[in-house]
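S.K.: With the input below, show me the fold.
(2 chains)
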2 protein chains.
Amino acid sequence: MCIMLIWFYCLLDLMILLLACRYGTMRDNVISLKVVLANGDIVKTASRARKSAAGYDLTRLMIGSEGTLGVVTEVTLRLQKIPEHSVVAMCNFPTIKDAADVAIDTMLSGIQVSRVELLDEVQVRAVNIANGKNLPEVPTLMFEFIGTEAYSHEQTQIVQRIVSEHNGSDFVFTEDPEAKKELWKIRKEALWACFAMEPNFEAMISDVCVPLSNLAELISRSKQELDASSLVCTVIAHAGDGNFHTVILFDPNEEEHRREAERLNQFMVYTALSMEGTCTGEHGVGTGKMKYLEKELGIEALQTMKRIKTALDPKNIMNPGKLIPPHVCF
Amino acid sequence: MCIMLIWFYCLLDLMILLLACRYGTMRDNVISLKVVLANGDIVKTASRARKSAAGYDLTRLMIGSEGTLGVVTEVTLRLQKIPEHSVVAMCNFPTIKDAADVAIDTMLSGIQVSRVELLDEVQVRAVNIANGKNLPEVPTLMFEFIGTEAYSHEQTQIVQRIVSEHNGSDFVFTEDPEAKKELWKIRKEALWACFAMEPNFEAMISDVCVPLSNLAELISRSKQELDASSLVCTVIAHAGDGNFHTVILFDPNEEEHRREAERLNQFMVYTALSMEGTCTGEHGVGTGKMKYLEKELGIEALQTMKRIKTALDPKNIMNPGKLIPPHVCF
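M.R.: A predicted model of the protein is given here:
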């Protein structure tokens, strides 16, 4: 069981890493699962068809249940064709609100952008320190456009125009495979780069997600609070989804640091909830975000989850103590 | 309660109608639901964020549960921008396998086609009779390409090339709004057109779905059986999804007709299941497809569904007798 749980968590990690991948979230690309339930039953959640209306959607129920309903032992994924062509672009902004506005306008333009990633000036500073780079330390957007060659170019031009309408500058783009890899490395290594600023600190990593139209306001308000803090905090957003991540660096030996990190996290969550958002867009609940679920969904939703948990795992042996707050009963 | 149930079924119908809409299935465009459960609890299944990892995915659990877990009273949908430009195209094929192969190759080409609809020659005949048209009575594909003007044109050209590689002919396309509406009317009124062939008959409408790579084989084998039958049967497929519908016309007063319709339906379902498909891609289980679920998913999956049903509706008052076969217990 132990090995399987490790297997599951590796898988979960992989999924989280891939969540920021092309073609929507990883969740959308899962066709079917094989799951071992608490009673030992092995359940196939769906056929291999792209869509199905054959009974309850056990696949989606299991995804994101964080091991509390069963152990995933097999995943059937939808394969996606490698795009014929792609362009990676990057540009800078005087304020983070400008950057967020561009992400929103890009999504609303109707073009199917593959990736839109936002890094704040602190995150760019971390990248500079970690990788000996000399990027302008200002809010930055990174894009990937995919499709045919002509369509990738057209998307690039459309977004370049949107960028210029929102005070953006230094718009660069590349089609060269090595140069593209080098540019995306900035985003991919963002988390590890943070530790270059405070090598002996730990990171509290949190994510929230709001309706896209509220993203600029959420980021602006959160940034104000993060910048005013004594702790170093960076912002990375999957801006196309309204999803916003913070890395808060703190000294694990300093109780005050921990409290401050927790306060900032809570500020972000409450701000997101006040904008009809969620306390976590990707990372999940675990134990850290259990306390926000009732405010987000109401006690009735949590009682429903608890009923399902109890029905499938009456002895509470699957990842106990996670996801559903302990005070919830029915 | 009665009014709410009617509300729910209207909604369900609306969803089914819209399932064939652009941008994937309707299911993908549901952000959140408000649901009344059997115990009277009103549950909000999710926030308004585009993605969330905040607990079990109650939204997906409720979608497709066919009223057996609760009554949907409110739906929050993701809005999609009206495309800047669109092109509608149509073309003909000597065999239905050629048409299905084009649908598959189009999807595998990597372009994001908005709609790919396949009509067999019987369905086209029905359209001709019902609407006084003179379309060639051969397997026919209809496409919609959306995006920027340049990209819509590029998609049209790419698909025109694929069509010519598979013996396709009479490729026509239009960008004129009225002409586009007129072309889509053919597809939209397909079901009603069938009754022009047999005005006093009823229709058994069934759908199955298989992995895209198996669609051509499924359609070819099913067509052989349908053509050999004494009943008139038409084929319509959302070919881009591997989803395949049949309309079987039968005289409700003839027991033999009913049996033959049921036999054809069963043939299609078993053929789809033998290809790792599902007994229903869109229409749902109801009572008609209950008997196929165990073969598709295994008894353990059905027992899991029954456990969830019992946990949320212990008195079995929500649309009883539907979806979960009566022999399933745990």
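
S.K.: I'd guess A:Gln123 is in a helix, am I close?
M.R.: Yes: A:Gln123 forms part of a helix when assessed by DSSP: H, G, I helix; E, B strand; the rest coil.

S.K.: low pLDDT regions in chain A?
M.R.: A:1-24 (pLDDT under 70).

S.K.: ok, longest helix in it?
M.R.: In chain A, with assignment by DSSP state H, the single longest helix is helix A:255-274.

S.K.: for it, packing partners?
M.R.: Here helix A:255-274 touches strand A:202-209, helix A:215-228, strand A:243-250, helix A:290-297, going by 3 or more CB pairs under 8 Å, 6 or more residues apart in numbering or on different chains; DSSP states H and E. In this view, the C-beta of every residue, glycine as well, is placed from N, C-alpha and C.

S.K.: Mean neighbour count, these: which tops it?
M.R.: strand A:243-250 (a mean of 24; mean count of other CB atoms under 10 Å in any protein chain shown).

S.K.: That one - contacts with which helices or strands?
M.R.: Packing contacts for strand A:243-250, counted by 3+ CB pairs under 8 Å, 6+ apart, involve helix A:190-194, strand A:202-209, helix A:215-228, strand A:232-238, helix A:255-274.

S.K.: so that strand versus strand A:232-238, what angle?
M.R.: Computed by axes from the mean of the first three to the mean of the last three CA atoms, to 10 degrees, the angle separating strand A:243-250 from strand A:232-238 equals 160 degrees.

S.K.: List, one by one, the residues from the stretch 151-300 of chain A near chain B.
M.R.: Within the stretch 151-300 of chain A, the positions lying close to chain B (CB under 8 Å from any CB of the partner chain) are A:151, A:154, A:158, A:209-212, A:241-243, A:272-273, A:276-285, A:289, A:292-293, A:296-298, A:300.

S.K.: Those, buried ones only, as a PyMOL selection?
M.R.: Selection of the buried residues among those in PyMOL, burial being defined by 16 or more other CB atoms under 10 Å in any protein chain shown:
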select buried, chain A and resi 151+154+158+209+210+211+212+241+242+243+272+273+276+277+278+279+280+281+282+283+284+285+289+292+293+296+297+300
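
S.K.: And for stretch A:309-327, what's in contact with it?
M.R.: A:5, A:37-38, A:65-71, A:284-287, A:290-291, A:293-294, A:302, A:305-306, B:55-56, B:304, B:307-308, B:310-311 (CB atoms under 8 Å, 6 or more residues apart in numbering or on different chains).

S.K.: ok, of those, which come out buried?
M.R.: Looks like those have A:37-38, A:65-71, A:284-285, A:290, A:293, A:302, A:305-306, B:55-56, B:304, B:307-308, B:310-311 buried, using 16+ other CB under 10 Å.

S.K.: Filter those residues down to the ones in strands?
M.R.: A:Val71 (DSSP state E).

S.K.: So chain A: which segments form each domain?
M.R.: Domains of chain A are assigned by the TED database as A:1-77, A:85-275, A:299-328.

S.K.: can you give me the end-to-end distance of the shortest one?
M.R.: Start to finish, the residues bounding domain A:299-328 are 8 Å apart (CA to CA, to the nearest Å).

S.K.: How about the second one?
M.R.: The stretch domain A:85-275 measures 37 Å between its terminal residues, going by CA to CA.

S.K.: now that domain, how far from the chain's geometric center?
M.R.: 11 Å (CA atoms, centre = their mean, to the nearest Å).

S.K.: Tell me which residue of the stretch 51-200 of chain A lies closest to chain B.
M.R.: A:Arg60 (3.3 Å; CB to the nearest CB).

S.K.: just to confirm, which helix or strand has that residue in it?
M.R.: helix A:58-62 (DSSP states H and E).

S.K.: Run through who's touching that helix.
M.R.: With CB under 8 Å, 6+ apart, helix A:58-62 has contacts from A:27, A:30-33, A:35, A:43, A:45-46, A:69-70, A:72, A:308, B:56-57, B:60-61, B:301, B:304-305, B:308.

S.K.: In contact with the closest residue in space to A:Met305 that isn't next to it in sequence, which residues?
M.R.: In space, A:Met305 comes closest to B:Tyr56 once its chain neighbours are excluded; the distance is 4.8 Å by CB to CB, 6 or more residues apart in numbering or on different chains. When contacts are counted by CB under 8 Å, 6+ apart, B:Tyr56 touches A:61, A:64-65, A:69, A:305, A:308, A:323.

S.K.: cool, A:Trp184 as well?
M.R.: A:88, A:142, A:144.

S.K.: just those now: which is nearest B:Val113?
M.R.: A:Glu144 (20.9 Å; CB to CB).

S.K.: doesn't A:Leu249 make contact with A:Ala203?
M.R.: Yes: with contact defined as CB atoms under 8 Å, A:Ala203 counts as touching A:Leu249 (5.7 Å).

S.K.: shared neighbours of the two, anything?
M.R.: With CB under 8 Å, 6+ apart, A:Ala203 and A:Leu249 have common neighbours A:194-195.

S.K.: hang on, the earlier thing: okay, angle between the longest helix of chain A and strand A:202-209 too, please.
M.R.: Per the same axes, to 10 degrees, the angle that helix A:255-274 makes with strand A:202-209 is 10 degrees.

S.K.: Pull stretch A:250-262 out as CSV, backbone CA atoms only.
M.R.: Extracted C-alpha coordinates of stretch A:250-262, given in CSV (Å, rounded to 0.1, in the frame of the first residue of the first chain):
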residue,chain,number,x,y,z
PHE,A,250,10.4,32.6,4.9
ASP,A,251,12.9,31.4,7.6
PRO,A,252,11.4,28.2,9.0
ASN,A,253,13.1,28.9,12.3
GLU,A,254,11.3,32.2,12.7
GLU,A,255,7.8,31.9,14.1
GLU,A,256,7.1,35.4,13.1
HIS,A,257,8.0,34.6,9.5
ARG,A,258,5.6,31.7,9.4
ARG,A,259,2.8,33.8,10.8
GLU,A,260,3.5,36.5,8.2
ALA,A,261,3.5,34.0,5.4
GLU,A,262,0.3,32.5,6.6
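
S.K.: Which of the contacts of A:Trp184 ranks first by neighbour count?
M.R.: A:Val88 (25 neighbours; other CB atoms under 10 Å in any protein chain shown).

S.K.: got the contact list for A:Thr280?
M.R.: So A:Thr280 contacts A:206-209, A:289, B:52-54 (CB under 8 Å, 6+ apart).

S.K.: got these as TSV, with distance to B:Ala100 columns?
M.R.: Formatted as TSV, the contacts of A:Thr280 follow (distance: CB to CB, whole Å):
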residue	distance to B:Ala100
A:Ser206	48
A:Asp207	42
A:Val208	44
A:Cys209	39
A:Lys289	47
B:Ser52	37
B:Ala53	38
B:Ala54	41
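
S.K.: Max pairwise distance over the residues you listed: which two?
M.R.: A:Ser206 and B:Ser52 (14.1 Å).

S.K.: Spatially, which residue comes closest to A:Ala190, not counting chain neighbours?
M.R.: A:Ile236 (5.4 Å).

S.K.: hang on, isn't the one you found packed against A:Val122?
M.R.: No: taking contacts as CB under 8 Å, A:Ile236 lies outside contact range of A:Val122: 10.1 Å.

S.K.: since we're on A:Leu33, how many residues are nearby?
M.R.: Around A:Leu33 there are 21 residues (other CB under 10 Å).
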